[in-house]
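Peer 1: A structural model of the following input is requested.
(chains A and B)
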Amino acid sequence: MAETALTNVGASPARLPGLRGIVADWSSDQRAFKNVSWGKAMMWIFLLSDTFIFSCFLLSYMTARMSTTVPWPNPSEVFALNIGGQHIPLILIAIMTFILISSSGTMAMAVNFGYRRDRIRTAALMLATAAFGATFVGMQAFEWTKLIMEGVRPWGNPWGAAQFGASFFMITGFHGTHVTIGVIFLIAIARKVLRGDFDVERRGFFTSRKGYYEIVEITGLYWHFVDLVWVFIFALFYLW
Amino acid sequence: MVDVPFDTIAGIPAAEAPDVELYHPKSWWTRYVFSQDAKVIAIQYSITAMSIGMVALVLSWLMRLQLGFPGTFSFIDANQYLQFITMHGMIMVIYLLTALFLGGFGNYLIPLMVGARDMVFPYVNMLSYWVYLLAVLVLASTFFVPGGPTGAGWTLYPPQAILSGTPGQDWGIILMLASLILFIIGFTMGGLNYVVTVLQARTRGMTLMRLPLTVWGIFTATVMALLAFPALLVASVMLLLDRLLGTSFFMPTLVEMGELTKYGGGSPILFQHLFWFFGHPEVYIVALPAFGIISDLISTHARKNIFGYRMMVWAIVAIGALSFVVWAHHMYVSGMNPYFGFFFATTTLIIAIPTAIKVYNWVLTLWRGDIHLTIPMLFALAFIITFVNGGLTGLFLGNVVVDVPLSDTMFVVAHFHMVMGIAPIMAVFGGIYHWYPKVTGRMLNEALGRFHFWVTFLGAYAVFFPMHYLGLLGVPRRYHDIGETAFIPASAHDLNAFMSVAALIVGFAQLVFIFNLIWSLFKGKEAGGNPWGAASLEWQTPETPPGHGNWGKELPIVYRWAYDYSVPGAGRDFVPQNEPPARLSAQGAHP
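Peer 2: Numbers count the residues shown, from 1 in each chain, chains lettered A, B, ... in the order given. Okay, here's the model as predicted:
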């Protein structure tokens, strides 16, 4: 990989004004995005593509929900729990959302400490992020189990439109897979940080490319994206 | 470093980004099989794509035999005919053209044309090929599973795609969807590489507005593919769930064989929307690289700079953007709201503007050029003719009222074969004849090439031009046997027989082409580094074929665009992109 921190791109006196300057900047030689490494650019573009995947899933789910002739099950009832004799709607989902958003905080701190080359804190915060993520997936497994026990199946459920179960398992399953992959990556990168791979720019096992602390940030980009997608799933599936 | 005027100074500022470290293969296996070199991956992609493409070619022969001489070939029954149609379409569009343009041409040409040593992430690039190969193998395996491949048509429309009346309902459709999902995963890995390489790994002096149009075409097509394939992925996953788990995303309440199915409440139209949100950009995913390749071929072989370079670039980008808002013109007869038809017809016809700009610019590039009728040039001219032909019938089909009587007739088949079958394959052939000397160091055989060209071009016209007429008569598509009907005259059957014979001859010419590829590899004329006298960067490599890392010790520095042909005052009739301005007279060279 090319050098990651290209801070001095040189402010030349003869910049073009206005829109033409933006176009000229963007189309200048070598790099369209100055100061952006290959890995980071690739992650951003991947996330753009992934956005389209989740958009298609959510739009399909919304189409199904709007066009079904059978009533849609009420999510705040379906996802309610009885805790200490209290019937609390959406409580599990609220906790899951809180945990996932907290994990974005620890991730951001890990990125910060990564650039400070603080190996211990970076790795600890990444592992904390991974733990939050794993907790999220665990609670999702609990939620799936509960619904399956209550008779929800991809092809039907006791309360209404069959597309409820189908959409639920497909969308949360796809998101949960993303979180799981993120957890695995976090643990793998945290191990590299802890071992000091990025201090000595040790080469990757498969890619034989040098490693930099920027990889922590790239992992973070993916993680924040997964969190952001959850916000949309939360709003469109559970709150609607 | 935008404002350093490279064309007016002798020196270029020192590299902003340091040179990359390359992966160096250590054994025969990592050099030629599990290679991370984009050039080897490109050849792997091309050979795989052409091999599976030969399967699709044979399927088209079988279809034509049945259509031309119905009843003669008893081994082709109605089910098999549908399976042939499905596999022919799917292979040609996705596994041949998309893979060949982006995985083949893209991998080979992007790093060379932008002045990079390799793709930015060679390891991911290698994975891309192997996942693609897996997708192809899964697809090919459907010929051997019980029930055979799916016969749902390449659009795989539910509900019929997964109901028991459709051939391949057992395994064919499942493996087809699995193969598509694999293809998309594999493509994404490659596509990210192509995009980031073009954006972030160009050499010094290579601004976006100095890129050859081939790179612009492949780049834009790849961006489109990264945004369009997700819709196909989602549609495939949901259809697979409908088939395997019995969900009802796309399946309405249906009676099958007198019994209610387990499905209910889904929307088949939703699948069509998802499919065509992928499917229409897909047309331009195979057309834009062709546009780019043709622009470069015409400029090089007419020894003249491309007319209106800037407009050509904007036309490519505009077509790419517009193609995302036209998808429902494939669904005029699906029963959607008529106002949608009005919107989508308007956007569809607007695409004609940037497309026409491109065609005019090609013709104006040829105007008073020093036209060399080399084989690549012949294919480029054939591309323009077939593309204009297919584009004009596209205007018919883009209008709702004209489309309604023509839809599901042979007219549609003729239209899309002209515009996204014949035309892009002409660009593929032109590109192969043009770049084969760079890839192998040898020229393709001239006589065989001219034979291949004339038979393919005239033969393709003999197949598809009469097909328009059949469509206007009302001959439906996807029918195994038209039979005796009042509105189809006997002459239509004769015409069908004629087209079938022509199709077999065209197919034979492709075998000659394959033979030429192999024969010239060993016996072809030595080409030298730059046999066409081309100005773009890939012809300026120190070695031919380019070695590992492409450029020797130093990366090239680019001083000009890729189209400095016949510059007044220059010593030769072309000026390579990496030739410093000091060696030229002051005027004439484009910045």
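Peer 1: remind me, longest helix of chain A?
Peer 2: What stands out as the longest helix in chain A, according to DSSP state H, is helix A:163-195.
Peer 1: in that helix, which residues are buried?
Peer 2: Within helix A:163-195, the residues that count as buried by 16 or more other Cβ atoms under 10 Å in any protein chain shown are A:163-172, A:174-176, A:178-180, A:182-183, A:185-187, A:189-190, A:192-193. Quick note: C-beta positions are derived from backbone N, CA and C, even for glycine.
Peer 1: now do the helix or strand following that helix: distance to the chain's middle.
Peer 2: Moving toward the C-terminus from helix A:163-195, the next helix or strand (DSSP states H and E) is helix A:214-233. Helix A:214-233 has its C-alpha centroid displaced from the chain centroid by 3 Å (Cα atoms, centre = their mean, to the nearest Å).
Peer 1: cool, stretch B:65-85 as well?
Peer 2: Chain-centre distance of stretch B:65-85: 28 Å, with Cα atoms, centre = their mean.
Peer 1: burial measure for residue 48, as a count.
Peer 2: In the absence of a named chain, this looks at chain A. 16 (other Cβ atoms under 10 Å in any protein chain shown).
Peer 1: oops, I was thinking of chain B
Peer 2: Counted with other Cβ under 10 Å, residue B:48 comes out at 22.
Peer 1: same check, this time on residue A:133
Peer 2: Neighbour tally, residue A:133, other Cβ under 10 Å: 29.
Peer 1: am I right that it is in contact with residue A:181?
Peer 2: No: counting by Cβ atoms under 8 Å, residue A:133 sits too far from residue A:181 to count as a contact (9.8 Å).
Peer 1: okay, buried residues for the helix or strand where residue B:79 lies please.
Peer 2: Per DSSP H and E, residue B:79 falls inside helix B:78-90. Using 16+ other Cβ under 10 Å as the test for burial, helix B:78-90 gives B:79-90.
Peer 1: again, but for stretch A:59-72
Peer 2: A:59-61, A:63-65, A:68, A:72.
Peer 1: and chain B, is that stretch touching that?
Peer 2: Yes: applying Cβ under 8 Å from any Cβ of the partner chain, one finds stretch A:59-72 touching chain B at A:60, A:63-64, A:67-70.
Peer 1: looking at those, which one is closest to residue B:436?
Peer 2: Nearest to residue B:436 among the residues of stretch A:59-72 next to chain B: residue A:60, at 44.5 Å, using Cβ to Cβ.
Peer 1: what residues does the stretch 451-591 of chain B have near chain A?
Peer 2: residue B:558.
Peer 1: which stretches of the stretch 451-591 of chain B have low pLDDT?
Peer 2: B:582-591 (pLDDT under 70).
Peer 1: which residues in it form helices?
Peer 2: B:490-523 (DSSP state H, counting those that start in this stretch).
Peer 1: ok, whichever residue of it sits closest to chain A - contacts?
Peer 2: Distances between the stretch 451-591 of chain B and chain A by Cβ to the nearest Cβ are smallest at residue B:558, namely 7.3 Å. Residues in contact with residue B:558 (Cβ atoms under 8 Å, 6 or more residues apart in numbering or on different chains) are A:29, B:6, B:115, B:203-206, B:210, B:537, B:577-578.
Peer 1: and the residues you listed as CSV, adding distance to residue B:23, secondary structure and neighbour count?
Peer 2: What follows is the contacts of residue B:558, written out as CSV (distance: Cβ to Cβ, whole Å; DSSP: H, G, I helix; E, B strand; the rest coil; neighbours: other Cβ atoms under 10 Å in any protein chain shown):
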residue, distance to residue B:23, secondary structure, neighbour count
A:29, 25, coil, 25
B:6, 31, helix, 24
B:115, 19, coil, 25
B:203, 19, coil, 23
B:204, 23, coil, 21
B:205, 26, coil, 23
B:206, 23, coil, 31
B:210, 28, helix, 26
B:537, 22, helix, 29
B:577, 27, coil, 28
B:578, 25, coil, 21
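Peer 1: nearest residue to residue B:285 other than its sequence neighbours?
Peer 2: Leaving aside its chain neighbours, residue B:285 sits nearest to residue B:221 (4.6 Å; criterion: Cβ to Cβ, 6 or more residues apart in numbering or on different chains).
Peer 1: now do the one you found, the pLDDT please.
Peer 2: According to the prediction, residue B:221 has pLDDT 97.
Peer 1: do residue B:28 as well
Peer 2: For residue B:28, the model assigns a pLDDT of 88.
Peer 1: just the one 5 residues further on next, same as before
Peer 2: Here, the pLDDT recorded for residue B:33 equals 90.
Peer 1: with residue B:432 instead?
Peer 2: Per the predicted model, pLDDT is 97 at residue B:432.
Peer 1: now the helix or strand hosting it - C-alpha only, CSV.
Peer 2: Residue B:432 belongs to helix B:423-440 when assigned by DSSP H and E. Extracted in CSV, the C-alpha atoms of helix B:423-440 (Å, rounded to 0.1, in the frame of the first residue of the first chain):
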residue,chain,number,x,y,z
ALA,B,423,-22.3,-4.3,-31.1
PRO,B,424,-20.4,-5.0,-27.9
ILE,B,425,-19.0,-8.3,-29.3
MET,B,426,-17.7,-6.3,-32.3
ALA,B,427,-15.9,-4.1,-29.7
VAL,B,428,-14.6,-7.2,-28.0
PHE,B,429,-13.2,-8.6,-31.3
GLY,B,430,-11.8,-5.2,-32.3
GLY,B,431,-10.2,-4.9,-28.9
ILE,B,432,-8.7,-8.3,-29.1
TYR,B,433,-7.2,-7.8,-32.6
HIS,B,434,-5.9,-4.4,-31.4
TRP,B,435,-4.3,-5.5,-28.1
TYR,B,436,-3.3,-9.1,-28.9
PRO,B,437,0.1,-7.9,-30.1
LYS,B,438,0.7,-6.2,-26.7
VAL,B,439,-0.5,-9.3,-24.7
THR,B,440,1.5,-11.9,-26.7
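Peer 1: quick one: that helix to helix B:490-523, angle?
Peer 2: 10 degrees (axes from the mean of the first three to the mean of the last three Cα atoms, to 10 degrees).
Peer 1: for helix B:423-440, the distance to its chain's centre please.
Peer 2: 12 Å.
Peer 1: now do the buried residues in it.
Peer 2: By 16+ other Cβ under 10 Å, the buried positions in helix B:423-440 come out as B:423-440.
Peer 1: which elements pack onto that helix?
Peer 2: Contact here means 3 or more Cβ pairs under 8 Å, 6 or more residues apart in numbering or on different chains; DSSP states H and E; on that basis helix B:423-440 packs against helix B:107-114, helix B:268-301, helix B:375-398, helix B:446-473, helix B:490-523.
Peer 1: same for the fourth one, what does it pack against?
Peer 2: Read it as helix B:446-473. In terms of contacts (3+ Cβ pairs under 8 Å, 6+ apart), helix B:446-473 is packed against helix B:375-398, helix B:410-417, helix B:423-440, helix B:490-523.
Peer 1: my guess is residue B:142 meets residue B:169, correct?
Peer 2: No: taking contacts as Cβ under 8 Å, residue B:142 lies outside contact range of residue B:169: 11.9 Å.
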